[in-house]
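In: 3D, please:
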Amino acid sequence: MGAWLRQLPNAISAIRIVLVAPIGLALAHQHWPTAIGLILVATASDGVDGFLAKHFAWQTKLGALLDPAADKLLVATVFVTLALQGGVPLWLMAVAVGRDLLLVTGAIAYRLRFGPLRVRPSVISKLNTLCQLGFVLCVVVRREFGWPPSWAETALGALTLVTTTVSGIDYVLTYGRAAGQAARAEAVR
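Out: Numbering: from 1, shown residues only. The predicted model follows:
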């Protein structure tokens, strides 16, 4: 296979980043069908690029940056836009965006202090991304079609809160331990 195929997951992640602006605009202008379609494409692309990278061993350093950046940009854009419209509670938006800000800030601090950090998304983190995107899709679909029922939106919102909180705690503990080990190793030298 050509070396260019190895970059296919990166190209898909880059497309997802490019989709963030049209998704944000569709949401801001309440073009629900467009927003639904674009969010579905972005969600599917997240699964496809991950599958390709892992199944064919096409993981790259660039992909390790692009994929989580695409996820975080998409989540922040969708949650903030919907919260400003009253479609998502402000506190849930703050939890979702705050978690990502905490992770990015921690990763930058680790990088500056100790060097590169190998971040592997945990199962709870992957579930969290799925719950977040499922929740916002539910919110948008309800705006357009009046379905699913409000209890489904509430249940997905609660599940999103739980997975966002648990995955945030998981990352803090996991990479806090890594920072502690790096600091101890550095002190021994």
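In: Could you measure from residue 169 over to residue 128?
Out: 11 Å (C-beta to C-beta, to the nearest Å). Where you see a C-beta, it was placed from the backbone N, CA and C, and this is true even at glycine.
In: ok, those two, which is more surrounded?
Out: residue 128 (26 against 12; other C-beta atoms under 10 Å).
In: what's near enough to touch the more buried one?
Out: Applying C-beta atoms under 8 Å, 6 or more residues apart in numbering, we find residue 128 in contact with 160, 163, 164, 166, 167.
In: Look up how far residue 155 lies from the second one.
Out: By that I understand residue 163. 12 Å.
In: Then residue 122?
Out: Distance, residue 122 to residue 155, using C-beta to C-beta: 23 Å.
In: Now the most centrally placed residue in the chain. Nearest residue, chain neighbours left out?
Out: Most central in the chain under C-alpha atoms, centre = their mean is residue 71, positioned 3.1 Å from the mean C-alpha point. In space, and not counting its chain neighbours, residue 71 is closest to residue 129: 5.7 Å by C-beta to C-beta, 6 or more residues apart in numbering.
In: Buried residues, the strand or helix carrying that neighbour. List them.
Out: Assessed by DSSP states H and E, residue 129 sits inside helix 123-145. Using 16 or more other C-beta atoms under 10 Å as the test for burial, helix 123-145 gives 124-133, 135-143.
In: same deal with stretch 110-127?
Out: Buried, per 16+ other C-beta under 10 Å, within stretch 110-127: 110, 117, 119, 121, 124, 125, 126, 127.
In: same deal with stretch 152-165?
Out: 153, 156, 157, 159, 160, 161, 163, 164.
In: closest to residue 34 among those residues?
Out: Minimum distance to residue 34 across the buried residues of stretch 152-165 is 20.2 Å, recorded for residue 153 (C-beta to C-beta).
In: what's near enough to touch the closest one?
Out: Contacts of residue 153 (C-beta under 8 Å, 6+ apart): 135, 138, 139, 142.
In: now, among these, which is nearest to residue 13?
Out: Closest to residue 13, out of all of those and judged by C-beta to C-beta, is residue 135, at 21.8 Å.
In: Kindly provide the distance from the closest one to residue 79.
Out: 9 Å.
In: cool, and residue 49?
Out: For residue 49, the distance to residue 79 - C-beta to C-beta - is 22 Å.
In: try residue 16
Out: Per C-beta to C-beta, residue 16 is found 16 Å from residue 79.
In: And residue 17, by the same measure?
Out: On the measure of C-beta to C-beta, residue 17 and residue 79 end up 17 Å apart.
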